[in-house]
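>>> Could you look at this predicted model? Sequence included:
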Amino acid sequence: MKPSPLTIRNLSVAYRKKPVLRDIEFEAPEGKLIGIVGPNGAGKSTLIKATLGLIPRLCGEVSIYGEPYARQRRRVGYVPQRESVDWDFPTNALDVVMMGRYGHLGWFRRPGRKERAIAMECLDKVGMSAYADRQISQLSGGQQQRIFLARALAQDADLYFMDEPFVGVDAATEKAIVALLGELKEQGKTVLVVHHDLATVEEYFDWLMLLNETIVAFGPVERTFTPEHLQTAYGGKLTLLGRDERSALILG
């Protein structure tokens, strides 16, 4: 039996002895776009960081295609929150994207013509090829986000994690991200996306995780994106409008 792209068992995380995630268990299916939603402080970003070993876990096991993450790094792509990146670092857009190729090169090989061509192709896919030589500090927020998406593309991973990629971007960048997600799905990739806009969940994702310290629901959107599950996840902070009104969900 083919192993799942991502399997998590009994994962718990705490900050300063305060539980943030408790008893997280799930298997991500292959070739799906999976949204992760929940209220502020629900542990959405923490889940990704704990999975990637960026923060310590109290307990739990994570496997990527049946192996520990440390053995599968090349197969995993990560797009962090834009606010967590030092955009003043002196480098240009092309160099940032080429960083996505380092896992394919090994420690002692420098990127060459092939890697540059791949990086330029990825920049072109997100509409940023004209900015290849531009310092990243000189780019707008939406342009910076596209650069990180291009870097993830250049990595040619099988499993992607994206932490709130739609936050603070313009309409053109949002359209580019949606197109990229569609392309990754067509290639059979698995993508987990921390997301905040409930009104676009049905449009953007196949599967959904509703999270609030524990998993409230996980599965196909048509089964999980229900008023009952949403009220459980968000408590009294949610007002639900009819599905005929574009599934508008307004946080109170």
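Yep, it's here.
>>> Report the mean per-residue pLDDT for stretch 143-159.
Stretch 143-159 shows a mean pLDDT of 89.
>>> And stretch 88-98, by the same measure?
For stretch 88-98, the per-residue pLDDT averages 85.
>>> now the helices: where do they sit in the stretch 151-252 of the chain?
With DSSP state H, counting those that start in this stretch as the definition, the stretch 151-252 of the chain shows helices at residue ranges 171-186, 201-204, 221-224, 227-234.
>>> Now render those helices as JSON lines, adding mean neighbour count, distance to Met128 and mean pLDDT.
For the C-beta atoms, the positions are set from N, CA and C on the backbone; glycine is no exception. Below are these laid out as JSON lines (neighbours: other CB atoms under 10 Å; distance: least, CB to CB, whole Å; pLDDT from 0 to 100):
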{"stretch": "helix 171-186", "mean neighbour count": "16", "distance to Met128": "9", "mean pLDDT": "88"}
{"stretch": "helix 201-204", "mean neighbour count": "16", "distance to Met128": "21", "mean pLDDT": "94"}
{"stretch": "helix 221-224", "mean neighbour count": "16", "distance to Met128": "30", "mean pLDDT": "96"}
{"stretch": "helix 227-234", "mean neighbour count": "16", "distance to Met128": "35", "mean pLDDT": "92"}
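>>> would you list those helices in JSON lines and tack on distance to Arg82?
Formatted as JSON lines, the helices of the stretch 151-252 of the chain follow (distance: least, CB to CB, whole Å):
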{"stretch": "helix 171-186", "distance to Arg82": "11"}
{"stretch": "helix 201-204", "distance to Arg82": "18"}
{"stretch": "helix 221-224", "distance to Arg82": "26"}
{"stretch": "helix 227-234", "distance to Arg82": "25"}
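>>> Kindly state which of the ones you listed is positioned closest to Ala130.
helix 171-186 (13.7 Å; CB to CB).
>>> Output the closest one in CSV with nothing but the alpha carbons.
The C-alpha coordinates for helix 171-186 follow below in CSV (Å, rounded to 0.1, in the frame of the first residue of the first chain):
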residue,chain,number,x,y,z
ALA,A,171,-6.2,40.7,-6.8
ALA,A,172,-3.6,39.8,-9.5
THR,A,173,-1.4,37.9,-7.0
GLU,A,174,-4.4,36.1,-5.6
LYS,A,175,-5.3,35.0,-9.1
ALA,A,176,-1.8,33.9,-9.7
ILE,A,177,-1.8,31.8,-6.5
VAL,A,178,-5.1,30.1,-7.4
ALA,A,179,-3.7,29.3,-10.8
LEU,A,180,-0.5,27.8,-9.2
LEU,A,181,-2.6,25.7,-6.8
GLY,A,182,-4.5,24.3,-9.8
GLU,A,183,-1.3,23.5,-11.6
LEU,A,184,0.2,21.7,-8.6
LYS,A,185,-3.0,19.7,-8.3
GLU,A,186,-2.9,18.7,-12.0
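>>> How far off centre is it?
Distance of helix 171-186 from the chain centroid (CA atoms, centre = their mean, to the nearest Å) equals 13 Å.
>>> So which elements touch that helix?
strand 33-37, helix 141-155, strand 190-194 (3 or more CB pairs under 8 Å, 6 or more residues apart in numbering; DSSP states H and E).
>>> could those be laid out in JSON lines, adding distance to Phe166?
Formatted as JSON lines, these follow (distance: least, CB to CB, whole Å):
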{"stretch": "strand 33-37", "distance to Phe166": "11"}
{"stretch": "helix 141-155", "distance to Phe166": "9"}
{"stretch": "strand 190-194", "distance to Phe166": "8"}
